[in-house]
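Enquirer: here is the input, now give the coordinates:
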Amino acid sequence: MKIRKSLLALSLMSAMGIVYAQSITGGLYGSVPGSMSAEKVSVSVTSAQTGFKRELQPDAQGRYKTSGLNPGLYTVIFKQGDKVIAERQVSVKPNSDTAVVAVAAENQGAADALTTVTVAGNSAQTTVIPIDVSTPEMSTHYSRELINTLPLVGAANVESIARLRSNVRYDQNTTGLVQLGGATPAENRYYLNEFDTTNDRTMLGANRLPREAIQDTEVLAGNFGASWTNATGGIMAQTVRQGSNKFQAGYSMYYTPAMPSRLTPREKDIRDGQDGYYRYVSNNHNEASSTHYLWASGALIQDKLFGFVLLGDRLPSQNFSFSQNRHSVTESSSKNMLVNLTWNINSDHTLNLIGSRARSKSHTDNYRLLGDYTTNVGAFSSSSDSPVKERMLIANYHGSITDNLQVRLMGGYLGQLNDRAHGAEDIPYVDSYNSQTQKTTNIGIQDRTTNFRPDDYWRRGFKGDVTWTLGNHKIVAGAEHYKHFLGQDWHTPNAGWYTYFDRPNTVQLSNGEQVSGKYVGYYFNHEFGNMVSINKAAYIEDYWKAMDGVLVYGGLRFDKYVNKDALERPLFSFPTTSPRLGVAWDVNGNSSLKVGANVGRYSLSMPSNFSFGVAEAHLEQRKWFRYTGIDPTTKAPLGLTQIGSTYTVPGHNGIPPEAHQVATTDLKAPQQDTLQLYVQKALNRNWVGQVDFGYANLKRVINTTCYGQGIAKYANAHGYPDYPSDYECFVLNPGEDVTVTRDFRGDGKLESITIPAAEFGLPKPKHKYIHLTFDLSHSRSAAEPWYLNASYTFTRSFGNDNGFLNLENRIAGYIGQSFVYDFPETTLGANGNLTNDVRHAFTSSAAYYFQNGLRTSGVLSMHSGEPFSCFGLKPDVDSISYNWGSWGHYCDEKTNPVGVKTAGTSGRLPFFWQLDMGIGYDMNLGAHNKLSFDLSIQNLLNRRGVTDRYNTYSADVNADNTIVKDVNWGIPSQYQTPRKASFVLRYTYR
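Expert: Prediction:
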C-alpha cells in the first residue's frame, strides 16, 4: 500500500516547466520534497543509457527545471548532503516535459529517513494523454512501442496514428489523408526532427521515413504556439530513433499476403446506372509482398557519440489490374537507408544529424484485352517506368548557454526526383464517347493521355531561436526560412488526343459552332515551368507564471510567403501577422486537474502547385473536325475538315502571364480564427479524462474566378465604356473588394480600378467548425498491464467553403483553383453542410499484455453518415459558366428549369463502422535475444459499407437548354476497403 501511494504521488505533476515547439529534446521540472528546505537539497539528473549527468539547484521555492534532454530514461535523485531522500526514474519524450515530484518518508519529522521509489519507464512510454500544466497546448504522444502493438496498417504512417482519436476525420474519398481542426487535409503541417517535411508542391502529405525509423509521434489537432508554424489545420510531428551506450541490433520483416485470399478478399465491382461497370476491380489481384529492415544502434564513443543505422529493402512484387479493355502488370520495389548520429558534446550541448536516401522503382506493362471486361489478355500494348529518388539531411543543435538561456538551431534539406513515365509522342491517344451510355472508351493503341518529363522537387530550411528565463517569464524569440523548388513538364502526346462523337441532338462547341451527328474532337495540352516559393517567419513568445498554478501564454508570429512564376520572377508576396493567447490553470496545484484555453489567428502558405497552376507556361487548344475515315492501326481520324476556328483556352497560350494578369493586386494570405477550451483530470493513478471544445471560423481564402465579365461590367459603368469582357481566370480573395490592373482604355497603358465586393458578386468564404470531444485514457502499468483510449466527438461543420480543397466535388487538384468561385452563378446553393459535418464519431483503441508474452489489441471506429451534395451544369448554353465546364448546384428537379439544391442536403452516406484486431507474442531467448510476432487485421469482419456516392446530376446540356441527366447519379461509387492483413516478425539483440 505504501508503494502504491508513492506511485500515485509520483504520477502527479506540479510547478512550471519548459515548453517546446517541434523539438527533438525534452525536459524535466518539479519541486523538492515538501518537508525539506530547498537550499539543503541537491538534484541530479542522470542517464545510464548515455552517461548523461546534470546537477540542478532548486530555487527559493524549491522548484527546478532542465531542458535539452535527449529522449529516454532518466533517474532524478534528491539528496540532502550525502543522503538520498528520494529517487525517480522517468521517461522523457521529445517536445514535452516530464514533471517529477519527490516523495519523502511518511514520517516527515525524520530528517534522516530514507525513501527510494523507482518507477519503471515502460509504463510511461505507453501514456497517450499526460497532464502537463507547463503549457496551454494540448497534444497527444504515441510511442513506437504502442504503435507496434496496435493493429495499424503495415506502414503505420502518421495519418493512421492520428486517426486513433475521434476528432480526427479520415478523408477517404478525396485524398486518403486526415482532417485536423476541421480543415482540409491540405492545411496540415508535418515535421521530422524539427524540419518541416510537408509536401509543399501540393500541400498533401509529406516526405516520410519508414516506421522502423520513428520513435515518437505527436499530434496537435489545432491551436498551437507561435514558434510551431502557421497552419489552419493541425500538426503531426515525429522524431527518429537514437542510439545509446547499450549496443542493440535487430531485424524486422513486414509481410502482406497475396490478394485474393481468406485474409485479403477481392475488391467489389461497382455497377453503373445502366447495369454496366462503373468500377471494374473484382479481377484485380496482387502477389504477396515483403519489406525487410536491418538496424543497429550503440555508442561510437562511450557517453559521447551514438549512432542508429537502418537499412530497408522492399522486395519486388507484382500487381495485376484490369480495366474495360486493358490489363496492366506493375512490378514495384524500393530500398532505403538511414543514419542518425547524436553527439552529446557535454551535459549542456547536443548535436544530432540524420541522413537518408531512398529509391523506388515501378515498371508497368499494358496489354489489350480480347473483349471488354474480361480476363482474356491479348497483345502487348505499351510499357512505362516510374523511378523515384529521395534524399534527406537534417541537423539539430540544442545548447544551454546558462541556466536561464538556451539556444536551438536546425537546418535541413530534402529532395525528390520523380519520373512519372513518358510514352510515345508520334501516336495519338484515341477514344470514343457513347452518347447513350455516357461512357468514353479508349479505342487506340496509345495508352497514355499524358507524358511526363522527370520533375524535381526540393526544399531546404533553417530555424533558430533563443529561450531566456527571466523571473516568472520565459521568453522565446526566433526566426525560420524555407525555400522550395519545383520543376515540372507534362503534355498530351505530340500527336494529340482525339475523341469520336455521335450526337443525336445538336450541341454547342466552345468555339461557338453547333454540331450534331458524327465528328471528332482534338485536344492538346502542354504545361511546364520552374516554380520557386519562399516562406520566412519571425516569432516571439512569453510564458508567464502569473500566479501559483496559472500560466499565461502570449505569442506573435510574422510570416511572409513569396511565390514566383514559371520563369522564377516574383509573383506573389503575402505578409501576415498571427497573434495567439493561451492559459493553463493547475487547479489543485498538483496537476490532477488542468483547465486550459487557447485563442489564435492562423494562416497558411500557398504551395508550388498553386504558382504552377496560375503562372505556368500553359498551352491548351481544342479543334473539331468532320472526317472521312479511320486509320486501322492507330484509330486516328483521316480526311479531316475543321469545324470552325481553333479554340485556345483563355490565358493558356503558352506564355507565362504577368502577376497582374492572374491575380488581384491586393491579394492577401488565407486566414482563420480558432478557439479551444478544455479540462483534463487525473481520475486514478492510471486514468485521465478529458473534455475539449473547439471552434474554427474561416475568415479569408485564396481562390480562382473566371468571372472576367464582372470586371468589364464595372469598368464599362465607371469611365471605360469600350473595355471588352475579360475571359481570363484570375486569383482573388473571394468576397472582398477586387482591385485589378488592366489596359482599360486600349492605349497600352495599365490602370487600376477597385470593384466593391457587393458589385462583383462573389460571396465571402464561410466555414464554421465546432466540435466537442470526450476522451478517456488508461495507461499501462505493471499492476494493470493494459492500455485503453476511448474518444467520442460531436461535430457541426457548415458554410460554403471547405478551405484549400473542394472536398464536396472530390477534387484534390491545384490549391486555390477548386472551381468553387468560377462565377457568381456557380456559388448558388453552396452554403450548407460541409463534408466533415459528421455529427457523431467514436474511436477506441486498446491493448492487453499477458504475463506469458501474449498481446492482444483492437481499434474500433464508427461515425454517422457524411452529408451528400449534388452537382450539375446550369441548363443554359448561353450562360457564362456553360462553356467553361464549371459545376454548380443545379440539380433540383422540382423546379423548371432545373433549380438549385443546397450543398449537403441531398442525403447522407450510411453509418460507418469498422473493427481492426491484432495479436502478438513476445519471446525472450536467453538474456539478450527477443523475438516478436504480430498479426494485424484491418476490417476484421470484412464489412463492405457504402462510403461514397456519385454526385454529378447532369452529363450535358442540349442546345435547347434541356438537361441530359447523368445515368450514374446517386449510385454507390466507393465501398469500404475489404479486409487487409499483415504479418510482422521482429528480432532484437539487446
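Enquirer: quick check: buried residues in stretch 606-618?
Expert: 606-618 (16 or more other C-beta atoms under 10 Å). Where C-beta positions appear, they are placed from N, C-alpha and C, glycine not excepted.
Enquirer: can you give me the helices for this protein?
Expert: 2-11, 121-124, 144-149, 158-162, 608-615, 659-662, 708-717, 757-760 (DSSP state H).
Enquirer: could those helices go into a markdown table alongside distance to Lys53 and mean pLDDT?
Expert: What follows is the helices of the chain, written out as a markdown table (distance: least, C-beta to C-beta, whole Å; pLDDT from 0 to 100):
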| stretch | distance to Lys53 | mean pLDDT |
| --- | --- | --- |
| helix 2-11 | 22 | 32 |
| helix 121-124 | 18 | 34 |
| helix 144-149 | 26 | 94 |
| helix 158-162 | 34 | 94 |
| helix 608-615 | 47 | 84 |
| helix 659-662 | 58 | 86 |
| helix 708-717 | 70 | 92 |
| helix 757-760 | 64 | 93 |
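Enquirer: any idea how far Tyr498 is from Pro504?
Expert: Distance, Pro504 to Tyr498, by C-beta to C-beta, to the nearest Å: 21 Å.
Enquirer: okay, those two: which has more neighbours?
Expert: Using other C-beta atoms under 10 Å as the criterion, Pro504 and Tyr498 rank with Tyr498 on top: 26 against 10.
Enquirer: close enough to count as contact, the more buried one and Tyr519?
Expert: No: checked against C-beta atoms under 8 Å, the pair Tyr498 and Tyr519 is beyond contact range at 10.7 Å.
Enquirer: which one's the longest strand in this structure?
Expert: The longest strand of the chain (DSSP state E) is strand 514-547.
Enquirer: and it, how far out from the chain middle?
Expert: With C-alpha atoms, centre = their mean, to the nearest Å as the basis, strand 514-547 stands 16 Å off its chain's centre.
Enquirer: what is the end-to-end distance of stretch 899-914?
Expert: Start and end residues of stretch 899-914 are separated by 38 Å (C-alpha to C-alpha, to the nearest Å).
Enquirer: buried residues in that stretch?
Expert: Across stretch 899-914, burial judged by 16+ other C-beta under 10 Å covers Val900, Lys901, Thr902, Ala903, Gly904, Thr905, Ser906, Arg908, Leu909, Phe912, Gln914.
Enquirer: for stretch 701-710, same thing?
Expert: Val701, Ile702, Asn703, Thr704, Thr705, Cys706, Tyr707, Gly708, Gln709, Gly710.
Enquirer: what's the closest of the residues you listed to Tyr769?
Expert: Nearest to Tyr769, judged by C-beta to C-beta, of the buried residues of stretch 701-710 is Val701 at 14.2 Å.
Enquirer: show me where pLDDT drops low in this structure?
Expert: For the chain, the stretches with pLDDT under 70 are 1-22, 33-39, 101-130, 726-727, 883, 885-886, 893, 896-897.
Enquirer: residue nearest the centroid of it?
Expert: Gly205 (4.3 Å; C-alpha atoms, centre = their mean).
Enquirer: please name the residues that touch the closest residue to Asn286 other than its chain neighbours.
Expert: Nearest non-adjacent residue to Asn286, counting by C-beta to C-beta, 6 or more residues apart in numbering: Asn319, 4.3 Å away. Asn319 is in contact with Asn284, His285, Asn286, Glu287, Val329, Thr330, Glu331, Ser332, counting by C-beta atoms under 8 Å, 6 or more residues apart in numbering.
Enquirer: and the residues you listed, which is closest to Arg943?
Expert: Nearest to Arg943 among the contacts of Asn319: Asn284, at 19.7 Å, using C-beta to C-beta.
Enquirer: correct me, but that closest one touches Phe322?
Expert: Yes: when contacts are counted by C-beta under 8 Å, Asn284 is listed as touching Phe322 (6.3 Å).
Enquirer: could you check which of the two is surrounded by more residues?
Expert: Using other C-beta under 10 Å as the criterion, Asn284 and Phe322 rank with Phe322 on top: 20 against 17.
Enquirer: I'd say the more buried one and Leu369 touch.
Expert: Yes: the pair Phe322 and Leu369 qualifies as a contact (C-beta under 8 Å) at a distance of 7.2 Å.
Enquirer: what sits in contact with each of the two?
Expert: Common neighbours of Phe322 and Leu369 (C-beta under 8 Å, 6+ apart) are Thr375.
Enquirer: which residue ranges of the stretch 551-700 of the chain form strands?
Expert: Using DSSP state E, counting those that start in this stretch, the strands of the stretch 551-700 of the chain run over 570-586, 593-602, 617-626, 629-630, 637-638, 641-642, 647-653, 671-682, 687-700.
Enquirer: tell me which residues are up against the second one.
Expert: Looking back up the chat, that one is strand 593-602. Strand 593-602 is contacted by residues 131, 133, 136-138, 223, 230-232, 555, 578-587, 671-682 when judged by C-beta under 8 Å, 6+ apart.
Enquirer: swap the cut-off to 6 Å and go again
Expert: Outside of strand 593-602, the residues within contact range by C-beta atoms under 6 Å, 6 or more residues apart in numbering are 131, 133, 136, 223, 230, 232, 578-585, 587, 672-681.
Enquirer: could you do the last one as well?
Expert: The contact list for strand 687-700, computed with C-beta under 6 Å, 6+ apart, reads 129, 181-182, 670-683, 733, 765, 767-778.
Enquirer: over to the fourth one?
Expert: With C-beta under 6 Å, 6+ apart as the test, strand 629-630 has contacts from Leu638, Gly639.
Enquirer: what ranges do the strands span in the stretch 751-900 of the chain?
Expert: 751-755, 767-778, 786-799, 832-833, 840-849, 854-863, 890-892, 899-900.
Enquirer: among those strands, which is nearest Arg271?
Expert: strand 890-892 (21.6 Å).
Enquirer: any idea how far that closest one is from the chain center?
Expert: 33 Å.
Enquirer: what lines up beside it in the sheet?
Expert: Within its sheet, strand 890-892 is paired with strand 899-900 (antiparallel), according to DSSP bridges.
Enquirer: the closest residue to Thr962 other than its chain neighbours: what's it in contact with?
Expert: Excluding the flanking residues, the one nearest Thr962 by C-beta to C-beta, 6+ apart is Pro875, at 7.0 Å. Going by C-beta under 6 Å, 6+ apart, Pro875 touches Pro897, Val898, Val957, Asn961, Ile963.
Enquirer: and of the residues you listed, the nearest to Lys53?
Expert: Lys53 lies nearest to Val898 out of these, by C-beta to C-beta, at 76.6 Å.
Enquirer: you'd agree the closest one is up against His889?
Expert: No: using C-beta atoms under 6 Å, Val898 makes no contact with His889, being 10.3 Å away.
Enquirer: so for the two, which residue has more residues nearby?
Expert: The neighbour comparison of Val898 against His889 (other C-beta under 10 Å) goes to His889, with 27 against 23.
Enquirer: buried subset of the contacts of Pro875?
Expert: Buried members of the contacts of Pro875, scored by 16+ other C-beta under 10 Å, are Val898, Val957, Ile963.
Enquirer: what would those residues look like in TSV with distance to Gly639?
Expert: Formatted as TSV, the buried ones among the contacts of Pro875 follow (distance: C-beta to C-beta, whole Å):
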residue	distance to Gly639
Val898	39
Val957	30
Ile963	34
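Enquirer: about what we covered before: would you turn the contacts of Asn319 into a markdown table with distance to Lys93?
Expert: Formatted as a markdown table, the entries for these read as follows, by distance: C-beta to C-beta, whole Å:
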| residue | distance to Lys93 |
| --- | --- |
| Asn284 | 42 |
| His285 | 42 |
| Asn286 | 38 |
| Glu287 | 40 |
| Val329 | 45 |
| Thr330 | 40 |
| Glu331 | 41 |
| Ser332 | 35 |
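Enquirer: okay then, goodbye and thanks.
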